[in-house]
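**Student:** compute the structure for the input listed below.
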Amino acid sequence: MNSSIPDMGEPSPRGQCSGIESAPVRRTLACALLLALPVASMAAEAAGQRGRRSVRPPLRLVWYAEDRDGGEVASQGADDPINPASVVKVATSLWALERLGPEFRYETRCFARGSVDRSRGVLDGDLVVQGSGDPDFHAENAFLLAAALNQAGVREVRGALVVNRSFWMGWENGSAGTEPDPFKRGMGMAARLKQALDPRRWNPSIRRTWHDFAARRGLNRNAPPRVVVRGGVGVDGESRGGELLVVHRSKPLLAALRRFNCFSNNDIERVAAGLGPVAELVGLLAVRCGLPADAIQLETASGLGTNRLSPRVVVRLLHEFRHTCERLGVPLEAVLPVGGCDGGTVTRFFPLLSTGEFAASVVGKTGTLTSTDGGVAVLAGFAGTAKGEVAFCVAVPQAGGRLKAARAAQERWVMDLIARLGGPASRTCPGEVPAPDEGADVILVAAP
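**Tutor:** Numbering: from 1, shown residues only. Reported below is the predicted structural model:
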């Protein structure tokens, strides 16, 4: 760096700056320009240093792949601990299927805390909603409830709508968006349900949802069911001997897990909330994968936050997940997204793997964090090849701000892997990802 900057407080001797003895103005300008040169040099050098500091290293991929028998197919940085991001959802799905089974359904019960005048359709008291942790209850499910309550003789509630703390509705984005105060959270959920039950309170989003719902079910879009709640909302949910009116039974767990995995929805944490603390999931994985517990570090059941698994451990998890699915008679594509078969994240993020000869050859799970741990992109799953199925995990750590390039690099790696094994072998695409109400039903308990 140039350090010969004159002391600006000392006048220069006559003629020192330029050697020009003509007009004082020209001499002054020349002197100023000369004095500015070292400053400009310093600024340019500093800018160059900043530019050099901002240059990021090239993307680095780590990967591991095995055949069905556990034989290594490809490996680089296989034991490096990485943040698996939403690939953790595969572990949570394994946990849920083992504990609850694919056909498990959540029940949401509606009670009348007061008297019902069915001739007028009026509940003189509170409508109490007791949830059991249904993780995927939405406006469509509220429409089912409203129709059933109308059939049970309830069109108006003179009291309040009261829910318990195991009733959830709509999305929250897992721990990133969940209200930490259980009471405030419950009040928000009750307010959502109250709005969805009464068409006069609908916003444009709920109205569009109703139109889609009515079209799918062949209903008159101009005659929605309606339950008007005159009072406020509350969190309590105790029936206190009230009359059971209707029971909403969710879609089977398997369908809910597919929705969470296809769209990588962090509210899969709701499923885990009914199973136990994340430490139990860590213990399950340690036993199933034959690993010490410290080889598995999980902070959440969704993949949010700081979690650690190596690519090799992820592949072990995939094998265990496949074993559970096979034992339960569940195809992998019934739980995880398939490239080119649905609108899930595999199809959205990896277009070349989802079209042409590669379509339907990869079933798996994406993982993305934009800033945590410097950002990360992960793709893990099963690739169908001419030489058999391969379980793989390919990750790009420190991918923040470069996720598009990271995914392109992952896509090339998977396509090269498949090509080296004789080319792609596709699987049969499953049906469309179900809507929230598909597979759900409502049991009418109280006679109209």
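
**Student:** can you show me the strands along this structure?
**Tutor:** Per DSSP state E, the chain carries strands over the ranges 62-67, 72-76, 107-117, 122-130, 156-157, 161-163, 228-229, 233-235, 243-249, 362-369, 376-385, 388-397, 441-444.

**Student:** can I get these in TSV including mean neighbour count and distance to residue 204?
**Tutor:** Any C-beta I mention is one placed from the backbone N, CA and C, and that applies to glycine too. Output for these, formatted as TSV (neighbours: other Cβ atoms under 10 Å; distance: least, Cβ to Cβ, whole Å):
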stretch	mean neighbour count	distance to residue 204
strand 62-67	22	45
strand 72-76	15	49
strand 107-117	20	26
strand 122-130	22	25
strand 156-157	22	25
strand 161-163	25	22
strand 228-229	20	20
strand 233-235	18	22
strand 243-249	19	25
strand 362-369	26	29
strand 376-385	26	34
strand 388-397	23	39
strand 441-444	15	26
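
**Student:** of all these, which one comes closest to residue 176?
**Tutor:** Smallest distance to residue 176 across the strands of the chain (Cβ to Cβ): 10.9 Å, for strand 362-369.

**Student:** name the residues that touch the closest one?
**Tutor:** The contact list for strand 362-369 (Cβ atoms under 8 Å, 6 or more residues apart in numbering) reads 83-90, 261, 264, 303, 318, 332-333, 336-339, 345-346, 349-350, 353, 375-384, 395, 400, 403, 414, 427.

**Student:** what's the angle from it to strand 376-385?
**Tutor:** On the basis of axes from the mean of the first three to the mean of the last three Cα atoms, to 10 degrees, strand 362-369 is oriented at 180 degrees to strand 376-385.

**Student:** distance from the chain centre to strand 362-369, please.
**Tutor:** Chain-centre distance of strand 362-369: 11 Å, with Cα atoms, centre = their mean, to the nearest Å.

**Student:** that one to strand 388-397, inter-axis angle?
**Tutor:** 10 degrees.

**Student:** dump stretch 126-139 to PDB, restricted to CA.
**Tutor:** This file holds the C-alpha atoms of stretch 126-139, laid out as PDB (Å, rounded to 0.1, in the frame of the first residue of the first chain):
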ATOM      1  CA  ASP A 126     -70.800 -24.000  23.400                       C
ATOM      2  CA  LEU A 127     -69.600 -26.100  20.500                       C
ATOM      3  CA  VAL A 128     -66.600 -28.000  21.900                       C
ATOM      4  CA  VAL A 129     -64.000 -29.400  19.500                       C
ATOM      5  CA  GLN A 130     -61.600 -32.100  20.900                       C
ATOM      6  CA  GLY A 131     -58.700 -32.800  18.600                       C
ATOM      7  CA  SER A 132     -56.300 -35.700  18.900                       C
ATOM      8  CA  GLY A 133     -53.400 -34.200  17.100                       C
ATOM      9  CA  ASP A 134     -54.600 -34.400  13.400                       C
ATOM     10  CA  PRO A 135     -51.600 -32.900  11.700                       C
ATOM     11  CA  ASP A 136     -53.300 -32.200   8.400                       C
ATOM     12  CA  PHE A 137     -56.700 -30.600   9.200                       C
ATOM     13  CA  HIS A 138     -57.600 -27.800   6.800                       C
ATOM     14  CA  ALA A 139     -60.600 -25.800   5.500                       C
END
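
**Student:** residue 312 touches residue 80, doesn't it?
**Tutor:** No. At 9.2 Å, residue 312 does not count as touching residue 80 under the criterion of Cβ atoms under 8 Å.

**Student:** who's more crowded, the two?
**Tutor:** Ranked by neighbour count (other Cβ atoms under 10 Å), residue 312 and residue 80 place residue 312 first, with 23 against 15.

**Student:** apart from its neighbours in sequence, what residue is nearest the more buried one?
**Tutor:** Leaving aside its chain neighbours, residue 312 sits nearest to residue 78 (4.4 Å; criterion: Cβ to Cβ, 6 or more residues apart in numbering).

**Student:** give me the phi and psi angles of that neighbour.
**Tutor:** Dihedral pair for residue 78: phi -60, psi -20, per degrees, to the nearest 10.

**Student:** for residue 190, grab the count of nearby residues.
**Tutor:** For residue 190, the count of nearby residues is 25 (other Cβ under 10 Å).

**Student:** please name the residues that touch it.
**Tutor:** Per Cβ under 8 Å, 6+ apart, neighbours of residue 190: 129, 161-163, 167, 233-235.

**Student:** out of those, who's nearest residue 289?
**Tutor:** Using Cβ to Cβ, the contacts of residue 190 come closest to residue 289 at residue 167, 35.0 Å.

**Student:** picking that back up, residue 185: which of the strands of the chain is closest?
**Tutor:** Minimum separation from residue 185 across the strands of the chain (Cβ to Cβ) falls at strand 233-235, 8.4 Å.

**Student:** show me what the closest residue to residue 314 other than its chain neighbours bridges to in the sheet.
**Tutor:** Sequence neighbours aside, residue 393 is the residue nearest to residue 314 in space, at 4.0 Å (criterion: Cβ to Cβ, 6+ apart). Following DSSP bridges, residue 393 is listed with bridge partners residue 64, residue 380.

**Student:** distance check, residue 257 against residue 306.
**Tutor:** To residue 306, residue 257 is 24 Å away according to Cβ to Cβ, to the nearest Å.

**Student:** more neighbours: which of the two?
**Tutor:** Between residue 257 and residue 306, counted using other Cβ under 10 Å, residue 257 has the larger neighbour count: 27 against 12.

**Student:** contact partners for that one?
**Tutor:** By Cβ under 8 Å, 6+ apart, the contact set of residue 257 is 93, 96-97, 268, 271, 335.

**Student:** that older thread, export the strands of the chain to JSON lines and tack on distance to residue 276 and mean pLDDT?
**Tutor:** Shown next, in JSON lines, are the strands of the chain (distance: least, Cβ to Cβ, whole Å; pLDDT from 0 to 100):
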{"stretch": "strand 62-67", "distance to residue 276": "29", "mean pLDDT": "99"}
{"stretch": "strand 72-76", "distance to residue 276": "34", "mean pLDDT": "98"}
{"stretch": "strand 107-117", "distance to residue 276": "20", "mean pLDDT": "97"}
{"stretch": "strand 122-130", "distance to residue 276": "21", "mean pLDDT": "97"}
{"stretch": "strand 156-157", "distance to residue 276": "36", "mean pLDDT": "98"}
{"stretch": "strand 161-163", "distance to residue 276": "23", "mean pLDDT": "97"}
{"stretch": "strand 228-229", "distance to residue 276": "35", "mean pLDDT": "98"}
{"stretch": "strand 233-235", "distance to residue 276": "23", "mean pLDDT": "97"}
{"stretch": "strand 243-249", "distance to residue 276": "23", "mean pLDDT": "97"}
{"stretch": "strand 362-369", "distance to residue 276": "22", "mean pLDDT": "98"}
{"stretch": "strand 376-385", "distance to residue 276": "24", "mean pLDDT": "99"}
{"stretch": "strand 388-397", "distance to residue 276": "26", "mean pLDDT": "98"}
{"stretch": "strand 441-444", "distance to residue 276": "28", "mean pLDDT": "95"}
